[in-house]
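Trainee: sharing a model that was predicted from the sequence below.
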Amino acid sequence: MDYSAVSNRFSKERLSGPDTPTPVDHSLAGANRVIGGRRFNPAPAWPARLWYNRQQRGACLSKISQELPRTLGALRKSSFPEDRLAGRTVKDELRNNLICKIQRGDELFPGILGFEDTVVPQVINAVLSRHNFILLGLRGQAKTRLIRMLTTLLDEVTPYIEGCEIHDNPYRPICRRCRDLVAELGDDAPIAWLTRDHRYVEKLATPDVTIADMIGDIDPIKAARRGQDISDELTVHYGLLPRANRGIFAINELPDLAGKIQVGLFNIMQEGDVQIKGYPVRLPLDLMLVFTANPEDYTARGKIITPLKDRIGSEIRTHYPAALEQGIAITAQEAWLDRPSPIELRVPDYIREIVETLAFVAREDKRVDKRSGVSQRLPISVLENVLSNAERRALKTGEDLAVPRVLDIYSALPSMTGKLELEYEGELKGGDAVAHELIRLAVGKVYNHYFEGSNMAQIVQWFDLGGSLKLDDGVDSAAMVRQLGGIQGLMEKTRAFGLTSNEPDAVRAAAAEFVLEGLHAHRRISRSEERGYAAEEKKREGREEAKPERPNVRRQYN
Ligand SMILES: [Zn+2]
C-alpha cells in the first residue's frame, strides 16, 4: 500500500488497521501520578535516583481533563501555564515525553519488530538530540510506520488559538491574525485543542510538488482587497508545511523533491523565513521534520542540496528482518490471517517458513533489483493469498478445515510478481518464471530444515519404479490422503512435523504434499502439468546430458 500523493492527515485506522488493537498508552496515568509530585505511586523496581529525578521534573506529559480551558486567561491558570508552554518547541516536547517513557520503562514503538537493537536506539538518540532526521532504507522496511509512531511521544492534547490555520501557540502566536486577536481580546482570546493525531502531516514527495503545495502561495486578490503590502502574511494561503506547525511533518522519498522546494525547506529550517513568488515571508515555524529515502537516491550526488543534507541531524539506516524468525513474526502480525470464515483456517508453520524464506531468497537473488529491494509486504500479501486459496478449495469441496499446501504458494503468484523489480536477466526470464524458481528455492531450504539427513530413498524409489501421482487442486483432503498414502513411507515422514494419524486429513495431506514438493525442489522427483509427480527426467536421460544445461542468457544477444 502506498500513501497518496496529497497530504495525509494521520488517522488511527490507517496506522493500526481494523484488527490490530490500538496500542495502550499509559502516558496519561503516568502524568496523573507525577503531577505536583504528590500523587506518587512508586514502582518498586526503580532505582532511587530515577525516583528523585521524576519527582523533581514534575509533570512531563500533559493531562487531559474534561474541562480544558477555552480562553487564554483560563489557560494561564491551568496545567498549561505560560512558563511551561511558551518557550517549549515540538522537539522539546518530544524529548521530554520520550525521557518520561524511558524512565517508566514503557515500550516505545510497539509493533515495530526487529529494530530493537538497531534502528530504535538511533531514533531515540535523534529525538533526544532534538534532530530532524531521515530514515534511509529500501521499500517495505516499516519506515513510514515508525515515523507515524512518533506521535505517541507528543502530548495528549495541545492548546492553540482557535481558528488559526497554523495552530499558533497561545503564548507566542506567529501569525498576524492571532497577534492582533490576542492584542485585542487579551485573556478572552479563544483557545482550541489539538490531539496528537492532528499534529502529524505526511507528504509523498514527487517532482511536481510546488512551493505553493508545500509552503504556500500569495493570494493577490486578497492582498488587493485588503490594500495591504503583498508580503503581509495575511495574504498568504498556507501550504502543508505551515499547516503542520507545532507538529511532525514527514516527507517520504525526499530526493524526489525539486531543488527549489528543498531550498525552501532549508530556509524554513535555518532562518524561519521563506520566499514565495519572490516576496519574503517570515514564518518561524516550530516543527519536527522527518524524512525517508532510498539510500541510493539519497547518496547520489545532486539529488539533495548540500545545505539541506547538512541540516538533517541524523541519518538512520533501516533494514529488512535480519533473522527468519523476525520476518515470520512481522508477517504474522501484519497479514490478515485471523479472518472471519465459516470454516476453520490453520496455517502450518512450514508454510509460514516457506513464505518468509521466499522473501529472504528474493532479496539475495541476483535477478532481483537490489536497489529497490523486496518489501516485507511481499510475504505478507503472499501469505494472505495462500490462505485464501486454501480457503477457496475447502469451501468448494465442503470441508470444514482449510490448511494451505505448497501448491497454494504457487497459486499466490499474483501477490508476488508486482513486488519484484527485476534486473535485466530476470526480465528476460519473465516475472512468473523467476517467482516460480524463487518459490522452489524456498521450499528446498525449508525442506532441509525439517528433513536434512532424512532417508527418502523409499519414496524416490516408488517413483523411479514408474509410479506417478497427479494431485488435482480441487480434490478434497480425504481423497488426497488416500492417494498420498499409496506412496510407501510417505505418510510416516510427516511425523517430522509432530503429526500423528489422528490429525485431520487436511493437515496430513498438506504435510505429505510438502515432502513431495521438497523432493521436487531438490530434483529428486519431477513434477509436470501432465503427469504430476514422477521420476526425475534426468535419471532417464543420463547425467552427461544434464550438464551443459546452463546457457548464458546474454550470450544470444551478442
Ligand atoms: Zn495564528
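Mentor: It's in.
Trainee: contacts and neighbour counts: CA atoms only from here.
Mentor: OK.
Trainee: how about the residues of this structure that lie near the ion?
Mentor: 164, 168, 175, 178 (CA under 5 Å from the ion).
Trainee: for this protein, which spans come out with low pLDDT?
Mentor: 1-66, 222-235, 538-558 (pLDDT under 70).
Trainee: tell me which residue is most central in it.
Mentor: In the chain, the residue lying closest to the centroid (CA atoms, centre = their mean) is residue 142, at 2.8 Å.
Trainee: just give the nearest non-adjacent residue to the residue of the chain most remote from its centre, would you?
Mentor: The outermost residue of the chain, judged against the average C-alpha position, is residue 465 (50.8 Å), by CA atoms, centre = their mean. Leaving out its chain neighbours, the residue that sits closest to residue 465 by CA to CA, 6 or more residues apart in numbering is residue 535, at 8.0 Å.
Trainee: just grab the bridge partners of that neighbour for me.
Mentor: When bridges are called by DSSP bridges, residue 535 pairs up with residue 525.
Trainee: so who does it touch?
Mentor: Counting by CA atoms under 8 Å, 6 or more residues apart in numbering, residue 535 touches 460, 463, 464, 465, 466, 467, 468, 524, 525, 526.
Trainee: same check, this time on residue 416
Mentor: So residue 416 contacts 378, 381, 382, 435 (CA under 8 Å, 6+ apart).
Trainee: got a winner among those residues for most neighbours?
Mentor: residue 382 (27 neighbours; other CA atoms under 10 Å).
Trainee: need phi/psi at that residue.
Mentor: phi -60, psi -50 (degrees, to the nearest 10).
Trainee: that one contacts residue 415, correct?
Mentor: Yes - assessed by CA atoms under 8 Å, residue 382 is found in contact with residue 415 at 5.4 Å.
Trainee: show the buried residues in the contacts of residue 535.
Mentor: 460, 463, 464, 468, 524, 525, 526 (16 or more other CA atoms under 10 Å).
Trainee: which two of these have the greatest separation?
Mentor: 468 and 524 (13.3 Å; CA to CA).
Trainee: isn't there a strand covering residue 197?
Mentor: No - read with DSSP: H, G, I helix; E, B strand; the rest coil, residue 197 is helix and lies in no strand.
Trainee: that one and residue 153 touch, don't they?
Mentor: No - proximity of residue 197 to residue 153 does not meet the contact threshold set by CA under 8 Å, at 11.1 Å.
Trainee: tell me which of those two has more neighbours.
Mentor: residue 153 (22 against 19).
Trainee: who's in contact with the more buried one?
Mentor: Contacts of residue 153 by CA under 8 Å, 6+ apart are 93, 94, 95, 97, 98.
Trainee: tell me which of these is nearest to residue 148?
Mentor: residue 94 (13.1 Å).
Trainee: just to revisit the earlier point, make JSON lines out of the contacts of residue 153 and add neighbour count and secondary structure.
Mentor: Shown next, in JSON lines, are these (neighbours: other CA atoms under 10 Å; DSSP: H, G, I helix; E, B strand; the rest coil):
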{"residue": "93", "neighbour count": "21", "secondary structure": "helix"}
{"residue": "94", "neighbour count": "24", "secondary structure": "helix"}
{"residue": "95", "neighbour count": "22", "secondary structure": "helix"}
{"residue": "97", "neighbour count": "22", "secondary structure": "helix"}
{"residue": "98", "neighbour count": "23", "secondary structure": "helix"}
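Trainee: quick one: the helices in the stretch 101-250 of the chain?
Mentor: 119-128, 143-148, 176-185, 211-214, 220-226, 240-243 (DSSP state H, counting those that start in this stretch).
Trainee: from those, which stretch is densest packed?
Mentor: helix 240-243 (a mean of 22; mean count of other CA atoms under 10 Å).
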